[in-house]
Structure formats: C-alpha cells, structure tokens
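**Q** Sequence and predicted structure, then a few things I'm wondering about:
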Amino acid sequence: MSVQNEVHIVSAQMKTDEEGAYLGTVVFKLEGYQHPYELTVYSKKGKEWDYSLHYTSESGVEEELLKLDERLEEDDDLFDTLLEAAQQAGETI
C-alpha cells in the first residue's frame with residue numbers, strides 16, 4: 001500500500017517569516033492509528049527540515065505517538081508526503 005493511500009490530510013499550511021525561514025503544520029490521520037496528529041515542520045532555507053509531532057485535540061496513547069515518530073524518522077515517503085502537503089498549501093497563501 002502506498003503512503004498516499006494510507007494518509008488523509010485534514011489541513012495544511014506553510015508560512016515564511018521575515019528572514020525567509022519556513023514554518024508549516026499538517027494535521028493528518030494515518031491508517032492504523034487511532035487519533036489524528038499534527039506535524040510541525042521548520043526550515044531556515046527550505047532544504048533541511050526539523051519537525052515535531054503533536055496530538056491534535058486530545059492526548060492519545062503515548063506508545064502510538066512514539067511509534068509514529070519513529071516511523072517518520074525512518075519512512076522518507078511518509079515525511080515527504082506530509083511536507084509536500086504543507087508546501088502546496090503555502091503556495092496558495
């Protein structure tokens with residue numbers, strides 16, 4: 001199953017600050033996970049990205065969050081899909 005079939009983007013946005021750094025967020029639901037999550041991405045120049053993973057509206061099971069965080073570290077396709085959603089949303093602002 002491809003990542004595009006597994007992930008449902010709820011919302012996405014990307015902004016740049018006055019120094020040209022990027023800050024984006026993606027709220028998504030991933031098949032096999034109980035709750036939606038929010039991924040915040042940050043890059044000074046748009047090439048190397050830092051991220052943090054959060055619960056959206058309510059706390060879920062910590063083990064599930066840690067499992068998803070590990071998957072984001074290892075699964076470039078998943079991370080790239082989420083990052084692209086934020087980048088595409090930023091182009092429409």
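**A** Noted; the coordinates are in hand.
**Q** in stretch 38-46, what's buried?
**A** Within stretch 38-46, the residues that count as buried by 16 or more other Cβ atoms under 10 Å are Glu38, Leu39, Val41, Ser43. Heads up, the C-betas are built off the backbone N, CA and C, glycines and all.
**Q** beta partners for the first one?
**A** Read that as Glu38. As for beta bridges, Glu38 partners with Val27, His54 under DSSP bridges.
**Q** ok so, going back, could the buried residues of stretch 38-46 go into CSV alongside distance to Gln87?
**A** What follows is the buried residues of stretch 38-46, written out as CSV (distance: Cβ to Cβ, whole Å):
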residue, distance to Gln87
Glu38, 16
Leu39, 13
Val41, 9
Ser43, 10
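**Q** Can you list the buried residues in stretch 61-78?
**A** In stretch 61-78, counting by 16+ other Cβ under 10 Å, buried: Glu64, Leu65, Leu68, Leu72, Leu78.
**Q** hmm, who's touching it?
**A** 2-3, 6-7, 30, 33-35, 37, 39, 51, 53, 55, 79, 82 (Cβ atoms under 8 Å, 6 or more residues apart in numbering).
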